[in-house]
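Chemist: take this sequence and fold it.
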Amino acid sequence: MKKLPKIAEIDRMLIQALNRFSLPALQLSLGVIFIWFGALKPFGDSPANEVITKTVYWFDPDIFIPILGVWEMAIGICLLVTPLIRVGLFLLALQMPGTFLPLVLRPEICFIDIPFNLTLEGQYIIKNLVLIGAAIVVGSRLVPLAEKRIR
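Modeler: Have a look, this model is predicted:
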């Protein structure tokens, strides 16, 4: 029975380490993903460019896609710079609904069989649910502005 207290101590230490590093890791990974994926767009190297062009056909892709890429890079930079996290989350909240447009406007691109059998493009879009969840966690850990002024 002596092993149980040792396991419990290791468990406690591991959880403390996770608590200490999880939010910075999440913030860093979100920032890197948005910068990386965003940077691909202006150079025409993003695998999403074709889906974007087919979905948002009413905008000139030579203008819209680079702007979207810069927008996404701005989100990433803001998420990496702590005083700008709120701005990044705001920009993300404006951008993210558009990422789901292909599911509605171009389901033939996203689904093999609706609603569960996704194409690779559909999987790429659905993974944004994880980014939204991560952004919610990052935002939930911010100190409210009113409390910052009191300190």
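Chemist: what sits against the closest residue to residue 72 other than its chain neighbours?
Modeler: Taking CB to CB, 6 or more residues apart in numbering, and ignoring the residues beside it in sequence, residue 72 has residue 38 as its nearest neighbour in space, at 2.9 Å. C-betas here are computed from N, CA, C, even on glycine. Residue 38 is in contact with 68, 69, 70, 71, 72, 73, 74, 75, 76, counting by CB atoms under 8 Å, 6 or more residues apart in numbering.
Chemist: any low-confidence regions in this protein?
Modeler: Within the chain, the ranges that satisfy pLDDT under 70 run 1-3, 148-151.
Chemist: and the helices in it?
Modeler: With DSSP state H as the criterion, the chain has helices at 3-40, 49-55, 61-80, 85-99, 101-105, 107-110, 120-126, 128-140, 145-150.
Chemist: need the residue closest to the centroid of this protein.
Modeler: residue 131 (3.1 Å; CA atoms, centre = their mean).
Chemist: how close does residue 76 get to residue 59?
Modeler: The spacing between residue 76 and residue 59, counted by CB to CB, to the nearest Å, is 22 Å.
Chemist: who has more neighbours out of the two?
Modeler: Neighbours per residue, other CB atoms under 10 Å: of residue 76 and residue 59, the larger number sits with residue 76, 23 against 14.
Chemist: I figured that one hits residue 27, correct?
Modeler: No: applying CB atoms under 8 Å, one finds residue 76 not in contact with residue 27, separated by 10.5 Å.
Chemist: next, count neighbours for the residue nearest to residue 128 when sequence neighbours are not counted.
Modeler: Once flanking residues are discounted, residue 128 sits nearest to residue 99: 5.0 Å by CB to CB, 6+ apart. Burial measure for residue 99: 21 neighbouring residues, criterion other CB under 10 Å.
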